[in-house]
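Undergrad: model the following, please.
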Amino acid sequence: MTEDTPALRQTRRSLPIALLRARETVMGPIREMLAESGVNEQKWRVLRVLQERGPLELTALAAEACLLLPSLTRMTRPMLDEGLISRSTPEDDRRKTIVAITPAGETLIRIHAAESARIFARIETEFGAGRLEQLLDLLEDLQRLELRSGKG
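TA: So this is what the prediction gives:
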């Protein structure tokens, strides 16, 4: 390191790396659960958002499911072919595409609901319900930061 190079945090205390490690801890059992049905975590997020929010325009769905719009667009054809979602175009705005969960998509969620609840309950038990709620609140606060606008 030179004198004009700022010191970096050690990776064990780096926020981006810590978030990735925590994500892997949480997603590991969810990926195992989903492997049984052949649905990946991205498709699961899309189905969960549609189940919770109802039909959505593709841009809103991408934002809610934490996916880039091009990735979601590529995913829609296989999900349509699998019968998990339906797609429609509103008469008043033919430029929009609305996506909705189908009964088959709802069934897939119901199949995994009990296991998903067990995974969450285990996290809540081992981490602590209060700490988990605090973590979720802190992560929501972190999401509200506007960090992309500049170098300051």
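Undergrad: next secondary structure after the lengthiest helix in the chain?
TA: In the chain, assigned by DSSP state H, the helix with the most residues is helix 103-127. Using DSSP states H and E, the helix or strand that follows helix 103-127 towards the C-terminus is helix 129-143.
Undergrad: what does that following helix rub up against?
TA: By Cβ atoms under 8 Å, 6 or more residues apart in numbering, the residues outside helix 129-143 that reach it are 123-124, 127. (Each C-beta comes from the backbone N, C-alpha and C, glycine too.)
Undergrad: again, only using 10 Å
TA: For helix 129-143, the surrounding residues in contact (Cβ atoms under 10 Å, 6 or more residues apart in numbering) are 15, 19, 22, 120-121, 123-128.
Undergrad: check stretch 67-77 too.
TA: Here stretch 67-77 makes contact (Cβ under 10 Å, 6+ apart) with 40, 42-43, 45-46, 49, 58-59, 61-63, 65, 79, 84-85, 87, 97, 99.
Undergrad: so how far is that stretch off the chain centroid?
TA: On the basis of Cα atoms, centre = their mean, to the nearest Å, stretch 67-77 sits 13 Å off its chain's mean C-alpha point.
Undergrad: mean confidence score for that stretch?
TA: Average pLDDT, stretch 67-77: 96.
Undergrad: next up, the contacts around the nearest residue to residue 56 once chain neighbours are set aside.
TA: Leaving out its chain neighbours, the residue that sits closest to residue 56 by Cβ to Cβ, 6 or more residues apart in numbering is residue 99, at 6.2 Å. Residue 99 is in contact with 46, 49-50, 55-58, 60-62, 72, 76, 79-80, 85-88, counting by Cβ under 10 Å, 6+ apart.
Undergrad: please redo it, this time with the cut-off set to 8 Å
TA: Neighbour list for residue 99: 46, 50, 55-58, 61, 76, 85-87 [criterion: Cβ under 8 Å, 6+ apart].
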